[in-house]
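Enquirer: Here is my input; please provide its structure:
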Amino acid sequence: MKRFHLDLVLSSLVLIAMATVILIQIVFRLMGHPLSWTEEVARWLLVWATFAGASYAFKNGGLITVDYFVKKLLKEQGQKISGICAMIFTIAYFGLMGISACAYMKMTLEKSQTYPITKVPYAITLVSLIYCGISCCIFAVKEIQKLLKGGEKDCHH
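Expert: Model prediction:
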């Protein structure tokens, strides 16, 4: 049974929205009436597509891994330990990214920082970093659990 991938759906919808906004900008510019808001909106959508896509890629083996030496030099138990260590570093990285994004978002909200044209809070893009951080940490914890139970890592198909 196919699993529902929120990250894939989210990043796909955001990319479609971004392409639509850019197309609108092109049409209006050709008509001699350029829109001011489209560049800002396209920028937020690009950030969202990047971090939703990164989360999907991480969960589905789309990120680059170099495991040649791990597979050549380590036996099965060593590979499992290496995988667990990699997931712990991943949790640390994405956890720190999410925590930093929360702190930055709090600061931007306290200072009422908004984008200059649309007046939308900066927090709109920071939510994508928090989402990606949480999503990747949850996946990494699940991977550690699988490795401890003796299963293969899902992110290396």
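Enquirer: for the helix or strand hosting L148, packing partners?
Expert: Secondary structure assigned from DSSP states H and E places L148 in helix 123-149. With contacts taken as 3 or more Cβ pairs under 8 Å, 6 or more residues apart in numbering; DSSP states H and E, helix 123-149 sits against helix 38-59, helix 76-110. C-beta: built from backbone N, CA, C; applies to glycine.
Enquirer: Looking at the ones you listed, which is nearest to Y131?
Expert: helix 38-59 (6.7 Å; Cβ to Cβ).
Enquirer: so what's the residue nearest the centre of the chain up against?
Expert: Centre of the chain computed as the mean C-alpha position; nearest residue by Cα atoms, centre = their mean is F51, 2.4 Å away. F51 makes contact with 128-129, 131-132, according to Cβ atoms under 8 Å, 6 or more residues apart in numbering.
Enquirer: Please apply the same query to M107.
Expert: Counting by Cβ under 8 Å, 6+ apart, M107 has no contacts.
Enquirer: And it, how close does it get to K149?
Expert: Computed as Cβ to Cβ, to the nearest Å, the M107 to K149 distance reads 41 Å.
Enquirer: Equivalent analysis for V14, please.
Expert: In terms of Cβ to Cβ, V14 sits 35 Å off from K149.
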